[in-house]
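Colleague: coordinates only, no sequence provided:
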């Protein structure tokens, strides 16, 4: 496996040789910021087209095909259109909070996106409480959604924001319990160490039944936390128009749209990191030749491949099940997922204490 730390160390030494340390840090921060924003925008466009194609395949239709070859320029047409739209702020809104809300959602998404482990030695944010940091910064998005609904001075936006807040806060508990189950198995919150702990076998298989249960709970809860079908009640068109962003237009609406699709990649990337080894190749203990061949595949391809596969699962769920009622959605969390997740965490702790795992 190629270690990208070789490249980053070379770049750091090259910059240190021609400029003072403070300027080196500044230049490196600018490089990271440019890469982060570019990757954020490119992945958002890829994901929008990806969902359109998968959705069309599930519904037995052809999807976007007219704008550009194979419809590849459709997303650029959409971006150009949304940039042309006028940003309208109604006179009865809280103008400051109304404009602040989409930036909070975007910043929360960007900070979580920065923690993704792209490849071996290639991670922008990596420290000993990386998992805790991901859970903390991802929660900022709830504030942006609540502010968007409240500041719009619209009953549709307010009801959508309240639904979204209740839904996201509720299902964050199950997501957190699933993450804690893996942290208990790994014995660390450092993202790199979690991935290195899956060198011989991914945690989905290494942790026996509790790891599999945590994975299923995570898939359901992450889908709900992202406000995606069948849990898209905050944006129920037949009830609330567009939900919490009904009164938004132009680029401000685009920020919500952008963050929604990047959050889809983020929850897929976190699932790949925790349960499927992140950038770690698929290894089978005892099959040395097979493992060597797997190591030749670049680590970023492993991570992106797993993330796109899990995204396909999320999209498949969205377009396969009807929207549930708000009481059914909350009952699923408080009566079933959270008690099962708590019991599953205790079982995993017992397994780790007695060494009953691979």
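Modeller: That came in fine, so what should we check first? As the structure is a prediction and not an experimental result, all values here were calculated from the model.
Colleague: ok, residue 285 touching residue 201?
Modeller: Yes. Residue 285 is in contact with residue 201 according to CB atoms under 8 Å; the separation is 6.6 Å. C-betas here are computed from N, CA, C, even on glycine.
Colleague: and these two? Which one has more around it.
Modeller: Neighbour totals were compared for residue 285 and residue 201, and residue 201 leads with 18 against 9 (other CB atoms under 10 Å).
Colleague: tell me the secondary structure for the more buried one?
Modeller: coil (DSSP: H, G, I helix; E, B strand; the rest coil).
Colleague: that one reaches residue 286, doesn't it?
Modeller: No. Under the criterion of CB under 8 Å, residue 201 makes no contact with residue 286, lying 11.0 Å away.
Colleague: what do the two both touch?
Modeller: Residues touching both residue 201 and residue 286 by CB atoms under 8 Å, 6 or more residues apart in numbering: none at all.
Colleague: biggest helix in this protein by residues?
Modeller: Longest helix in the chain by number of residues (criterion: DSSP state H): helix 21-58.
Colleague: now it: buried residues?
Modeller: By neighbour count on 16 or more other CB atoms under 10 Å, the buried set for helix 21-58 is 24, 36, 39-40, 43-45, 47-54, 56.
Colleague: now do stretch 340-358
Modeller: For stretch 340-358, the neighbour count (16+ other CB under 10 Å) marks 340, 341, 344, 345, 347, 348, 351, 352, 357 as buried.
Colleague: centre of the chain to that stretch, how far?
Modeller: The chain centre lies 26 Å from the centre of stretch 340-358; the measure is CA atoms, centre = their mean, to the nearest Å.
Colleague: can you check stretch 324-331 too?
Modeller: On CA atoms, centre = their mean, the centre of stretch 324-331 falls 23 Å from that of its chain.
Colleague: what's that stretch in contact with?
Modeller: 163, 166, 167, 170, 224, 230, 231, 233, 332.
Colleague: can we see that at 7 Å?
Modeller: 163, 166, 167, 170, 224, 230, 231, 233 (CB atoms under 7 Å, 6 or more residues apart in numbering).
Colleague: OK, contacts around the third one?
Modeller: Put plainly, it is residue 167. 224, 227, 231, 233, 234, 329.
Colleague: save the residues you listed as JSON lines, and put in pLDDT too.
Modeller: Shown next, in JSON lines, are the contacts of residue 167 (pLDDT from 0 to 100):
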{"residue": "224", "pLDDT": "87"}
{"residue": "227", "pLDDT": "79"}
{"residue": "231", "pLDDT": "81"}
{"residue": "233", "pLDDT": "71"}
{"residue": "234", "pLDDT": "63"}
{"residue": "329", "pLDDT": "84"}
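Colleague: most neighbours out of those, which is it?
Modeller: Going by other CB under 10 Å, residue 224 tops those with 27 neighbours.
Colleague: am I right that that one sits in a strand?
Modeller: No. Going by three-state DSSP, the assignment for residue 224 is helix, not a strand.
Colleague: hmm, it is touching residue 230, no?
Modeller: No. Counting by CB atoms under 7 Å, residue 230 is not a contact partner of residue 224; they are 8.9 Å apart.
Colleague: do a quick rundown of the strands in the stretch 1-150 of the chain.
Modeller: With DSSP state E, counting those that start in this stretch, there are no strands along the stretch 1-150 of the chain.
Colleague: helices of that one, residue ranges please.
Modeller: 5-18, 21-58, 74-84, 95-113, 130-138, 140-151 (DSSP state H, counting those that start in this stretch).
Colleague: tell me the helix or strand right after the helix or strand where residue 272 lies.
Modeller: Using DSSP states H and E, residue 272 sits within helix 250-275. Next helix or strand after helix 250-275 toward the C-terminus (DSSP H and E): helix 288-295.
Colleague: quick one: average confidence on the helix or strand just after that next one?
Modeller: Per DSSP H and E, the first helix or strand lying C-terminal to helix 288-295 is helix 299-318. The average of the pLDDT scores along helix 299-318 is 92.
Colleague: that older thread, could you dump the buried residues of stretch 340-358 to a markdown table with secondary structure and pLDDT?
Modeller: Converted to a markdown table, the buried residues of stretch 340-358 look like this (DSSP: H, G, I helix; E, B strand; the rest coil; pLDDT from 0 to 100):
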| residue | secondary structure | pLDDT |
| --- | --- | --- |
| 340 | helix | 95 |
| 341 | helix | 94 |
| 344 | helix | 94 |
| 345 | helix | 94 |
| 347 | helix | 93 |
| 348 | helix | 93 |
| 351 | helix | 90 |
| 352 | helix | 89 |
| 357 | coil | 67 |
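Colleague: no further questions, thank you.
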